[in-house]
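S.K.: Here is a sequence together with a model predicted from it:
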Amino acid sequence: MSSRAGTAESSAKSRVVLVTLASGQFLMALDSSVMNVSIATVAEDVGTTVTGIQGAITAYTLVMAMFMIPGGKVGALIGRRRAFMIGCCIYGAGSLTTALAPNLTVLLLGWAFLEGIGASLILPAIVALVAGNFSVERRPAAYGLVVAAGAIAIAVGPLIGGIATTYFSWRWVFAGEVVVVLGILLLARRVADAPPGERRSIDFTGAVLSALGLGIFVYGVLRSDEWGWFQPKPDAPSWLGVSLTTWLMLAGLALLWLFLRWEAKVVGRSRDPLVDPGMLQNKQLTGGLTMFFFQYLVQMGVFFVVPLYLSVALGLSALATGVRLLPLSVSLLAAATLIPRFLPDVSPRRVVRLGILALLAGAVVLMAALDADAGAEIVTVPLLLIGLGMGALASQLGSVTVSAVPQAQSAEVGGVQNAVTNLGASIGTALAGSIMIAALTSSFLTSVGANPAVPDSVTSQATVQLQSGAPFLSDAQLKTALDEAGVNAEVSQAALDANAEARLDGLRAALAILALAALIALFFTQRIPSAQPRSPEP
């Protein structure tokens, strides 16, 4: 009887731990997806422009990217649970500040800075706490649920944002986050903690190099839509005829190389490094990190493309768009939980390969289904496939990376892992956006130029005005702009028809590049172990 009671108590505690950590992951991913559907409302409410709110989104991403690796080290020094709880307090303070923000400055302080700092402490700690609270055999399921919580937050974010913006206020989302943070802090007492490391020092030089390297690289990627990747767009900054995006990315990579060189010297002097470069020679670890990069690249690209199709091309509301994304959440959660439960000894390499193939199939099916007469229902099957792929990857990758190193290094792995996923997410969104706009612009100008109803003077003017790329506009938005410009009915209809087809061409091109990324990822799966990993001795 006592054995059964102990097992039940242990099981109940595990569920509490899992809910606590998954809730933390959910919160970290929720903000941007909620704000993306509320940008115009938020901008009006705090007295700024859409560009100002987009800048806040960029700043939040940058702060997370810059401090993710140092945040992992802080957890190793002061204790993972303590770092997690401190991060939650900072994040909660940021959410409260954002909910009450009267202007853009306060919004930037609360959302971009405080929430970004909080996230950089929370996310690496979650990785380490899963490793410390679950046995090796149970980690795939635990990591799967935690990662699934983050992906589901991105998927349901538009739904939550749509409901809040339509019926209440966007501020209630952030106020709700404060309540959730308080609940997490209460439950976090049940989370077991690993003792902090013996050496209580932090490599400040390494922290500066890693923060600058990641920050500069991500900033360059985030500005690629406005500046161009290689060839600078009109009036965009450049150097030696090359877009500043390229130079920033190269500068970021150079700083990261210096960071690794410096860390090697720190290890050589028998001091405590921010990240041990020797970890990156671990085949299993680098294999898992590479898959994380590609997963988030494709995942965030999909979350960029599909809502655009639903909300702009089809004109669905934020609420209806969120509902249409739910099949992805369902299949993702099912795969992340059921694979470890029913196939505990399955080959991680096989699951990862099947997951990538599901991502590839989903992108290809959606690309083929896009048509001028297609409705919102065409996204259902592709999203189910993409959700299955994401869930399959989530069920294995967290366990693969953490089990590749001694448990004492799990917080460092958490910092590196989240930095890699941040890079993948940034590149995926920027790449999909750039390819989509380039294809849309080319298709629109070609269609307009071939239409005899459109005068040559109008075609020439459009070519000049769209040098930086055509905006992704709905029919209603374009019709309003054409009416305000005094365009006659025949030319207006030609432009509307060209825009409708160009939108689809742009979306197809974006999906094609995401499918290509998934295909490339298959070539790196050899580094994933073929048997369920066992954590090495500390």
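M.R.: Arrived safely, thanks for sending. Residues are numbered from 1 along each chain as shown.

S.K.: Just give me the longest helix of the chain.
M.R.: Using DSSP state H, we find that the single longest helix of the chain is helix 410-450.

S.K.: Can you give the distance of that one from its chain's centre?
M.R.: Its chain's C-alpha centre and that of helix 410-450 lie 11 Å apart, by Cα atoms, centre = their mean, to the nearest Å.

S.K.: Equivalent analysis for stretch 56-65, please.
M.R.: Worked out by Cα atoms, centre = their mean, stretch 56-65 lies 12 Å from the chain centre.

S.K.: Show residues contacting that stretch.
M.R.: Outside stretch 56-65, the residues that touch it by Cβ atoms under 8 Å, 6 or more residues apart in numbering are 31-32, 35-36, 104, 107-108, 111-113, 115-117, 119-120, 123, 214-215, 217-219, 222, 418-419, 422-423, 426. All C-beta spots, glycine's among them, are computed from the backbone N, C-alpha and C.

S.K.: Looking at those, which are in helices?
M.R.: Of the contacts of stretch 56-65, the ones assigned to helices by DSSP H are 31-32, 35-36, 104, 107, 116-117, 119-120, 123, 214-215, 217-219, 222, 418-419, 422-423, 426.

S.K.: Let me see the contact set for the spatially most central residue of the chain.
M.R.: What sits nearest the mean C-alpha location of the chain, by Cα atoms, centre = their mean, is Ala425, with 4.1 Å. Contact analysis of Ala425 by Cβ under 8 Å, 6+ apart lists 296-297, 299-300.

S.K.: now swap in Gln295 and tell me
M.R.: Gln295 sits next to 359, 390, 393, 397, 421, 424, 521 when contact means Cβ under 8 Å, 6+ apart.

S.K.: Torsion angles phi and psi at the closest residue to the first one other than its chain neighbours?
M.R.: If you skip the residues right next to it in sequence, Leu359 has Gly389 as its closest partner in space, 3.8 Å away by Cβ to Cβ, 6 or more residues apart in numbering. According to degrees, to the nearest 10, the main-chain angles of Gly389 amount to phi -60, psi -50.

S.K.: Neighbours of Gly389, how many?
M.R.: 30 (other Cβ atoms under 10 Å).

S.K.: pretty sure it is touching Gly362, no?
M.R.: Yes - counting by Cβ atoms under 8 Å, Gly389 touches Gly362, with 6.5 Å between them.

S.K.: Output the residue ranges of the helices in the stretch 251-400 of the chain, listed in chain order.
M.R.: Listed in chain order, the helices of the stretch 251-400 of the chain (DSSP state H, counting those that start in this stretch) span 283-308, 318-324, 326-342, 348-369, 380-402.

S.K.: Need the contact partners of the third one.
M.R.: If I follow you right, that is helix 326-342. For helix 326-342, using Cβ under 8 Å, 6+ apart, the contacting residues are 138, 140-141, 144-145, 147-148, 151-152, 155-156, 159, 346, 351, 355, 379-380, 383-392, 394-396.

S.K.: are any of the residues you listed buried, and which?
M.R.: Listed as buried from those are 138, 140-141, 144-145, 147-148, 151-152, 155-156, 159, 346, 351, 355, 379, 383-392, 394-396; burial here means 16 or more other Cβ atoms under 10 Å.

S.K.: How many neighbouring residues does the closest residue to Asn282 other than its chain neighbours have?
M.R.: Closest residue to Asn282 apart from its sequence neighbours, by Cβ to Cβ, 6+ apart: Ala404 at 5.1 Å. Ala404: 22 surrounding residues under other Cβ under 10 Å.

S.K.: and Ala404, helix, strand or coil?
M.R.: Following DSSP: H, G, I helix; E, B strand; the rest coil, we place Ala404 in the coil state.

S.K.: contacting residues around Ser32?
M.R.: 57, 60-61, 154, 157.

S.K.: Output the helices of the stretch 251-400 of the chain as a markdown table; include the columns mean pLDDT.
M.R.: Formatted as a markdown table, the helices of the stretch 251-400 of the chain follow (pLDDT from 0 to 100):
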| stretch | mean pLDDT |
| --- | --- |
| helix 283-308 | 90 |
| helix 318-324 | 80 |
| helix 326-342 | 87 |
| helix 348-369 | 95 |
| helix 380-402 | 91 |
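
S.K.: Just name the most buried of those helices.
M.R.: helix 380-402 (a mean of 27; mean count of other Cβ atoms under 10 Å).

S.K.: hang on, Leu310 packs against Glu377?
M.R.: No - look at Leu310 against Glu377 with Cβ under 8 Å: they stay out of range, at 10.8 Å.

S.K.: more neighbours, these two?
M.R.: Set side by side, Leu310 and Glu377 show more neighbours around Leu310, with 22 against 9, by other Cβ under 10 Å.

S.K.: That one: what's it in contact with?
M.R.: 316, 320-321, 324-325, 376, 379 are the contacts of Leu310 under Cβ under 8 Å, 6+ apart.

S.K.: Would you check which pair of these lies furthest apart?
M.R.: The span of these, defined through Cβ to Cβ, is set by Ala320 and Val379 at 11.7 Å.

S.K.: What subset of the ones in helices among the contacts of stretch 56-65 is buried?
M.R.: Buried among the ones in helices among the contacts of stretch 56-65 (16+ other Cβ under 10 Å): 31-32, 35-36, 104, 107, 116-117, 119-120, 123, 214-215, 217-219, 222, 418-419, 422-423, 426.

S.K.: For Thr97, the count of nearby residues, please.
M.R.: Neighbour count of Thr97, defined by other Cβ under 10 Å: 20.

S.K.: Secondary structure element holding it?
M.R.: For Thr97, the host element (DSSP states H and E) is helix 80-100.

S.K.: and that helix with helix 410-450, angle?
M.R.: Helix 80-100 runs at 40 degrees relative to helix 410-450, counting by axes from the mean of the first three to the mean of the last three Cα atoms, to 10 degrees.

S.K.: Which elements pack onto helix 80-100?
M.R.: Helix 80-100 makes packing contacts with helix 2-36, helix 50-78, helix 104-107, helix 116-133, helix 171-187, helix 410-450 when contacts are defined by 3 or more Cβ pairs under 8 Å, 6 or more residues apart in numbering; DSSP states H and E.

S.K.: Since that was my last question, I'll sign off now.
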